[in-house]
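A.B. asks: Below are the sequence and a predicted model; questions follow.
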Amino acid sequence: MNMGNMLLYASLLSACSAAVYLFTGRIKISILLIRTAAFTATLSVLLLASAFVFLDFSLFYVWQHSSAELPIFYRLAAILVGQEGTFLIWAWLSLMVVLLYTELHRIHNRTAMITIVYALIGCAFLLVLTIMMTPFRSIFAVGGASLPPTGNGISPELMDILMPLHIFTTFIAYAFALIPAAMSLAYLTKRENMPDSKNFLRLAWLFLSICMISGGIWADRLLGWNGFWQWDPIQAISMAVWLLLTAALHAVVRFNSGEYKKLFPLLCIGTFLGSLYMTLIARSDIFGSIHSFPGTPTWWMIVVFIAIVIVFSFMLALRRGVPEHTTSDSIHIFKPSNTFYFTLLILIMMAFIAFWGPTLYLILGYMGRAIIIPMEFYNILFYPLIVLLSYLIGICMLYGRVNNRTLAYVCIIYFTISIILAVAVPYGTHAVAASHTGSSFEKILGSISVTSYIPVFFFVTGSVIFKIVRDLRVKNKTASIHLNGINLIHVGFVFIVLGAILSTSFATSHNFSYSLAEKGVFKEDGGMVLRFLDFRVEQVGSDWYQIVDVEVIDDKEYTTTAVFLKSRQFGYITRPTVRRGLLSDTQVEFQGSLPHQIELETIEVKVKKQPFASLMWSGCVLMIAGVLLTLSSDVIRRKGWILSYLKFVVNKPVSDIIPLKTKEFKMFIFSIPVVVTIGTVTAIQMYKVLGYLYAFYVILGGVVIVSVIIYLLKCRKS
């Protein structure tokens, strides 16, 4: 047994022992064991990372996913490429989150104790999966094997900065989802007050959102998926988990008012089980997807664990407990208890639809009846629910701030306009899924025009702006930050929906065919003009790159390059280039030329224009900013940072706030050019990756973070 496996076994033993000691009430030794489990898991991750960096090909996992040609950054990122490494990272992050919860909240009552026990059971299960699929398996375990001189490496498709961001944030979200699930099981067990799980739910929601956003950007501009969202099975399951997290964040508001005493804990448990189910789907070896791994021997363990937790949770939930009640005396249809109920109902229905598609595929696949779940299946069922959900958002934003009769009239007007647009627009013109052939019900829903969402967008946006203006008047600044964070989340949601609708339903594709002799020739297709500049073939190692330079003339003129790669190991790979703008995103894709086509001197270029995609990406930024504000408001409320900051700034002269003659100030002055240089380089890289609008948001966020750090260091010294 090598050192890596020894560390994993030590971590598993420590986690199990901590759970046992904790259950028997021996708190001090259990905390020490939790720290030991986290420490040994951290050492195992560092050991694997060093093996990837220094190319220890004696480990099969390192040989499979690393090579000397990879830069060090991608050697480290390659840890996340295979299922063995992802199990290890997941288990490690879960232990770190459990340790964080233990250190921050301590163990002050029986419910907190049981919470950590359940969380440690989840960590132990993940460690068992890691040990079963160990990333530390020696290559010499194969009979007659010898130390290979070089590694297999990773696909060029994965060599992107968004790859580790996309995968790592996924498992951070899974790790944070473990704590609310454990809290819920502890609450259903003891029926005492449930610990506050809002921030863990928010963090899980935040990182899962970043995962989905980064994956969408990556797919849209690099993987050649023909769009940012294709309802891939893993995309569908991740959407379902995200919807369950969203439902839990809404249910917790009414849970504190005495409602959803069983539903809210079950939603929290469902989010963690959803992450396990997503792992099962990814490792089913049935789906022909980039997310799919070869079949794994641990699949039956995941199924059994999910089944046990489901049965155990429902047994606890069905016990007689505290009756639910509502604190609202209002009987108006727009009262919060009603709007929250329908919001939860819609979110759960949407989550079920997203779960059901891949599940049906999985079941029929194992029965030998492979089918294809088309995108239209999800779009047809989702669209009416999203419209209703969006109207509920606008109603919630205005309830209590305008007269109920006025609110009813406004809703009726906008809803009527939506219905008119849904049925009055000619059939097949920008419909949800006009080409779908299914039942009569599906055809009716598929014929709905997506322009019907435009009134919804303006209704919600206007409602949120109205609420923001009112919330800015709130004297309690912490409450104002929290409320406006919620406002940004909701307005970001409708921005994303409208941007996704417009950028897909109104997208246009333009195909251009050139011969090699037509360099400098302009061609036009549907208002899009393209000029062929150059074609060249380059060899990098054993791989061949076909590179096309073109000039695109649309709203603006610009030159871009598209690449088609023939990899010796990984086959043909298309690398389209994407130019993002305020009015539209433009993707230029070179399909590549096979040898006989090159002999015929034929070059095929496809240009796809996605109008108003910037609405979607801006909505993503608004949602992320909103959840960060809600998290920061809670931290500020607990620590009183705003009051201390105001007192610190207002009551002290400038010479005290900025000590000009101190060593710290001289170091600060010296660090300014370093920070400016790093910031400039970061800005350039972010511009290349995301575009100027998003680079601005990143730089702005960096300035805020640096400012907060400087303030906290100064306060600490004071």
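C.D. replies: All right, it came through fine.
A.B. asks: So for stretch 122-130, mean pLDDT?
C.D. replies: For stretch 122-130, mean pLDDT rounds to 94.
A.B. asks: who's in contact with it?
C.D. replies: Outside of stretch 122-130, the residues within contact range by C-beta atoms under 8 Å, 6 or more residues apart in numbering are 8, 11-12, 15-16, 19, 37, 41, 84, 87-88, 90-91, 94-95, 98, 178, 181-182, 272, 298, 301-302, 305. (C-beta placed from N, C-alpha, C; glycine too.)
A.B. asks: Show the average pLDDT along stretch 453-463.
C.D. replies: The average pLDDT for stretch 453-463 rounds to 91.
A.B. asks: Okay, buried residues for it please.
C.D. replies: Across stretch 453-463, burial judged by 16 or more other C-beta atoms under 10 Å covers 453-457, 459-463.
A.B. asks: Identify the residues contacting it?
C.D. replies: Contacts with stretch 453-463, where a contact means C-beta under 8 Å, 6+ apart, come from 386-387, 390-391, 393-395, 397-398, 410-411, 414-415, 417-418, 421, 490-491, 494-495, 497-498, 501.
A.B. asks: In helices, which of these fall?
C.D. replies: Those of these mapping onto helices are 386-387, 390-391, 393-395, 397-398, 410-411, 414-415, 417-418, 421, 490-491, 494-495, 497-498, 501, per DSSP state H.
A.B. asks: Of those residues, just the buried ones, ChimeraX syntax please.
C.D. replies: Selecting only the buried entries of those in ChimeraX, with 16+ other C-beta under 10 Å as the criterion:
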select :386,387,390,391,393,394,395,397,398,410,411,414,415,417,418,421,490,491,494,495,497,498,501
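A.B. asks: where do the strands sit along the chain?
C.D. replies: Taking DSSP state E as the test, the strands found in the chain are 508-515, 522-525, 528-540, 543-553, 557-567, 571-575, 577-580, 584-590, 602-611.
A.B. asks: out of these, deepest packed?
C.D. replies: strand 584-590 (a mean of 23; mean count of other C-beta atoms under 10 Å).
A.B. asks: could you give the angle of it to strand 528-540?
C.D. replies: Angle of strand 584-590 versus strand 528-540, following axes from the mean of the first three to the mean of the last three C-alpha atoms, to 10 degrees, is 50 degrees.
A.B. asks: Report the angle between strand 584-590 and strand 508-515.
C.D. replies: Orientation check (the same axes, to 10 degrees): strand 584-590 against strand 508-515 gives 30 degrees.
A.B. asks: what's strand 584-590 packed up against?
C.D. replies: Packing partners of strand 584-590 (3 or more C-beta pairs under 8 Å, 6 or more residues apart in numbering; DSSP states H and E): strand 543-553, strand 557-567, strand 577-580, strand 602-611, helix 613-639.
A.B. asks: can you list the ones you listed in CSV and add mean pLDDT and distance to residue 266?
C.D. replies: Listed next are the helices and strands packed on strand 584-590 as CSV, based on pLDDT from 0 to 100; distance: least, C-beta to C-beta, whole Å:
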stretch, mean pLDDT, distance to residue 266
strand 543-553, 86, 50
strand 557-567, 83, 46
strand 577-580, 82, 40
strand 602-611, 85, 39
helix 613-639, 84, 23
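A.B. asks: For my notes, please list those in CSV and give distance to residue 125 for each entry.
C.D. replies: As requested, these are arranged in CSV below (distance: least, C-beta to C-beta, whole Å):
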stretch, distance to residue 125
strand 543-553, 41
strand 557-567, 37
strand 577-580, 40
strand 602-611, 42
helix 613-639, 28
